[in-house]
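1. Predicted model and sequence below, questions to follow.
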Amino acid sequence: MVKMDPLLTTLDAARILGLSTDAVRQLARAGKLLADEETPTGQRLFRKSTVEKLATERAANPPKPGPKPKKDAKETGSNQ
């Protein structure tokens, strides 16, 4: 018997990946997470196996954090 590979919504994928739904959409737009289907309303659907594979890859090679935002003079307390 063939096992079904269910389709996941952006929210379901975000939960598996430990990301926000916006981050999942960004991954999809960047081509790092391919949507297998799209609903008539534009919602992306992802294969569970694809999402789990990406989660495994991200766990093995975590993304590097981006640069820290610079604080302005008001936040640092300096009077320049």
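-> Right, received. Where do you want to start? Residues are numbered from 1 along each chain as shown.

2. What distance do you get for residue 39 to residue 64?
-> Residue 39 sits 34 Å away from residue 64 when distances are taken as C-beta to C-beta, to the nearest Å. C-beta: built from backbone N, CA, C; applies to glycine.

3. show me where pLDDT drops low in this structure?
-> Low-confidence segments of the chain, defined by pLDDT under 70: 1-2, 72-80.

4. any idea which residue sits dead centre in it?
-> Among the residues of the chain, the one closest to the centroid is residue 24, at 2.8 Å (C-alpha atoms, centre = their mean).

5. pretty sure it contacts residue 13?
-> Yes - with contacts counted by C-beta atoms under 8 Å, residue 24 reaches residue 13, the gap being 5.0 Å.

6. Residues in contact with both of these two, list them for me.
-> Residues touching both residue 24 and residue 13 (C-beta atoms under 8 Å, 6 or more residues apart in numbering): residue 33.

7. measure residue 41 to residue 9 for me?
-> Taking C-beta to C-beta as the measure, residue 41 falls 12 Å from residue 9.

8. Would you mind telling me which of these two has the busier surroundings?
-> residue 9 (15 against 5; other C-beta atoms under 10 Å).

9. Correct me if wrong: residue 9 contacts residue 39.
-> No - using C-beta under 8 Å, residue 9 makes no contact with residue 39, being 9.3 Å away.

10. tell me, what's touching these two both at once?
-> residue 45.

11. so residue 22 sits in a helix?
-> Yes - counting by DSSP: H, G, I helix; E, B strand; the rest coil, residue 22 falls inside a helix.

12. Surely residue 6 touches residue 48?
-> Yes - using C-beta under 8 Å, residue 6 is in contact with residue 48, at 5.0 Å.

13. Looking at those two, which has the bigger crowd around it?
-> Legend: neighbour count by other C-beta under 10 Å for residue 6 and residue 48, higher for residue 48 (16 against 11).
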